[in-house]
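K.L.:
When you get a sec, could you give me coordinates for this:
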Amino acid sequence: MEHFVKRLTVFAFTALFAGCAMAQDFNESPPNGQDQTPAFDGQTRAPVLPARDLRRQVVVGGLEYPWGMAELPDGSWLVTERPGRLRMVSPDGKLSEPIEGLPPVDDRGQGGLLDVIVDEDFAQTRRLWVAFSEIHQYELSGTSVATGILSEDGRRIDGLQVLWGQEPWNSNIHLGARLVLDNDGGLFVTTGERGEIERPPATQDVGSTIGKVVRVDPLTGDPMGATGIEGAIPELWSYGHRNVQGAALGPDGALWTIEHGPRGGDELNRPEAGKNYGWPLVTYGTNYDGTPVGDGLTQMEGIEQPVYYWDPIVAPSGMIFYDGEMFPDWQGDLLFGGLSTQSLVQLKIADGRVIGEARHLWGEEGRIRDVDVARDGAIMLLIDAEDGAMIRVTPAD
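P.N.:
Numbers count the residues shown, from 1 in each chain. A predicted model of the protein is given here:
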């Protein structure tokens, strides 16, 4: 059920208030997979870090189910709204009219206009990319990626080209759809398993785009996978994923992802080329009715273990590794949005393992759909609601 953010002031653009840290007891909740044990120490329920008092400023409200955001060189932000609108938010909080030139989107269910990213040389190229759910024949849909050039006045996208598309599927859920440019000229695209329960599962079919991470050329869409697996789609990077809605490059330059599990079993992974991440053959957690997923296995030869998992779930969404000046003690930490937990989740990572977890703003702002870091080091949040908002987070002290 969607959480509707209610604002107590009409001055939404300048409302300032400090968050009070809440006592944290999330590791006390019993797991759904009560007979399951982690594969190694520290794979789940890492030591709880103290929550921190934070100051929040509502930059702009009135966003309808915002999903993705990207900062521009002048301090403006592009923000997607799932019904199919791309907006620009100025540094002083003014919200533009919808930007023209986008493709039509399928906004049924969890679909619509999803992620947005911009070229690191945007000041010169003005190039951006969007992920969206595209409608196909017979009302099938799939995650697609398009690129184009934002006009100088910011009112339209010119030369839009659809680069890549997931195979059409009879579902409007679990679309994945995070976009990440890597350091070697490639574009990672995450997809979801679309809620499929077929046997054999499409997530385990290397010839399918369902439940995968793929890598393509960001200008042409040409495949840039690196698996060498016979029969695999040439853009395949990794497979066996459920619904990857968080993705970012880590300080190590590698792709890290977070995906939704079923009833328990949300996962943090560092996907490597050609490797299998298990869904639905291996998973932590259970089905929604409490029964085991498949054979109830949590380990299997040839299938990668998650770096970290959650049971109960956090319902993860957009993520970023912190790199800024405002929170010096958070340098290199992973930050991501919790939907069901309505929190800003922080993970401390050392030597590829999670060594601590905190949940900030727990239950105070609603469902956090995306997280980013502004150039000045502030943390930016998108609140997923019919009357959603962009929020700027800074230290309270």
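K.L.:
Tell me which residues of stretch 214-228 come out buried.
P.N.:
214-216, 218, 221, 223-225, 227 (16 or more other C-beta atoms under 10 Å). Heads up, the C-betas are built off the backbone N, CA and C, glycines and all.
K.L.:
From these, which land in strands?
P.N.:
Among those, the residues falling in strands (DSSP state E) are 214-216.
K.L.:
what's near enough to touch residue 274?
P.N.:
226-229, 232, 236-238 (C-beta atoms under 8 Å, 6 or more residues apart in numbering).
K.L.:
rerun that using 6 Å as the cut-off
P.N.:
Residue 274 is in contact with 227, 229, counting by C-beta atoms under 6 Å, 6 or more residues apart in numbering.
K.L.:
Against residue 231, how distant is it?
P.N.:
To residue 231, residue 274 is 12 Å away according to C-beta to C-beta, to the nearest Å.
K.L.:
Equivalent analysis for residue 322, please.
P.N.:
In terms of C-beta to C-beta, residue 322 sits 40 Å off from residue 231.
K.L.:
neighbour count winner among the two?
P.N.:
With neighbours defined as other C-beta atoms under 10 Å, residue 322 and residue 231 compare such that residue 322 has more, 20 against 8.
K.L.:
Residue 122: neighbouring residues, count only.
P.N.:
18.
K.L.:
Let me fix that, I meant to ask about residue 41.
P.N.:
7.
K.L.:
and the nearest residue to residue 235 once chain neighbours are set aside, what are its bridge partners?
P.N.:
Distances taken as C-beta to C-beta, 6 or more residues apart in numbering place residue 223 nearest to residue 235, at 3.6 Å, with adjacent residues excluded. Applying DSSP bridges to residue 223 gives these bridge partners: residue 216.
K.L.:
distance between the ends of stretch 153-170?
P.N.:
In terms of C-alpha to C-alpha, to the nearest Å, the two terminal residues of stretch 153-170 are separated by 39 Å.
K.L.:
Pull out the buried residues from it.
P.N.:
154, 157, 163-169.
K.L.:
Okay, and which of those map to strands?
P.N.:
157, 163-165.
K.L.:
Could you dump those into TSV and include distance to residue 106 and pLDDT?
P.N.:
Output for those, formatted as TSV (distance: C-beta to C-beta, whole Å; pLDDT from 0 to 100):
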residue	distance to residue 106	pLDDT
157	19	98
163	18	97
164	16	98
165	12	98
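K.L.:
now these as CSV including distance to residue 377?
P.N.:
Listed next are those as CSV, based on distance: C-beta to C-beta, whole Å:
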residue, distance to residue 377
157, 29
163, 32
164, 33
165, 37
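K.L.:
buried sites along the strand or helix carrying residue 55?
P.N.:
Per DSSP states H and E, residue 55 falls inside strand 54-63. Within strand 54-63, the residues that count as buried by 16+ other C-beta under 10 Å are 54, 56-61, 63.
K.L.:
ok, so of the buried residues of stretch 153-170, who is nearest residue 109?
P.N.:
residue 169 (11.6 Å; C-beta to C-beta).
K.L.:
Strands along the stretch 51-200 of the chain, start to end?
P.N.:
54-63, 66-71, 77-81, 85-89, 113-118, 127-135, 141-150, 157-165, 179-181, 187-190 (DSSP state E, counting those that start in this stretch).
K.L.:
what's the closest of those strands to residue 376?
P.N.:
So among those, strand 66-71 is nearest, using C-beta to C-beta, at 10.2 Å.
K.L.:
Now find how far off-centre the closest one is within its chain.
P.N.:
Distance of strand 66-71 from the chain centroid (C-alpha atoms, centre = their mean, to the nearest Å) equals 11 Å.
K.L.:
Give me the sheet partners of that strand and which way each runs.
P.N.:
Counting by DSSP bridges, strand 66-71 is paired with strand 77-81 (antiparallel).
K.L.:
how far off strand 85-89 does the partner strand point, in degrees?
P.N.:
Angle, strand 77-81 to strand 85-89, by axes from the mean of the first three to the mean of the last three C-alpha atoms, to 10 degrees: 150 degrees.
K.L.:
Not counting strand 77-81 itself, show me its contacts.
P.N.:
Residues contacting strand 77-81 (C-beta under 6 Å, 6+ apart): 63-64, 66-71, 86-89, 113, 116.
K.L.:
one more time with 8 Å
P.N.:
With C-beta under 8 Å, 6+ apart, strand 77-81 has contacts from 59, 63-72, 86-89, 99, 112-116, 118, 128, 130, 150, 380, 382, 390.
K.L.:
Using PDB, list the CA coordinates for it.
P.N.:
Taking only C-alpha atoms (Å, rounded to 0.1, in the frame of the first residue of the first chain), the coordinates of strand 77-81 have been written out as PDB:
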ATOM      1  CA  TRP A  77      18.000  18.100 -10.700                       C
ATOM      2  CA  LEU A  78      16.100  15.900 -13.300                       C
ATOM      3  CA  VAL A  79      13.400  13.900 -11.600                       C
ATOM      4  CA  THR A  80      11.200  11.200 -13.100                       C
ATOM      5  CA  GLU A  81       7.600  10.700 -12.200                       C
END
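K.L.:
Could you pull up the mean pLDDT of it?
P.N.:
For strand 77-81, mean pLDDT rounds to 98.
K.L.:
Buried deepest among the strands of the stretch 51-200 of the chain, which one?
P.N.:
When you average the neighbours per residue for each of the strands of the stretch 51-200 of the chain (mean count of other C-beta atoms under 10 Å), strand 187-190 leads with a mean of 27.
K.L.:
Which strands and helices lie in contact with that one?
P.N.:
strand 141-150, strand 179-181, strand 212-216, strand 243-249 (3 or more C-beta pairs under 8 Å, 6 or more residues apart in numbering; DSSP states H and E).
K.L.:
Could you list the paired strands of that strand along with their orientation?
P.N.:
strand 179-181 (antiparallel), strand 212-216 (antiparallel).
K.L.:
burial count for the residue lying closest to residue 310 once chain neighbours are set aside?
P.N.:
In space, and not counting its chain neighbours, residue 310 is closest to residue 266: 4.3 Å by C-beta to C-beta, 6+ apart. For residue 266, the neighbour count with other C-beta under 10 Å is 27.
K.L.:
No further questions, thank you.
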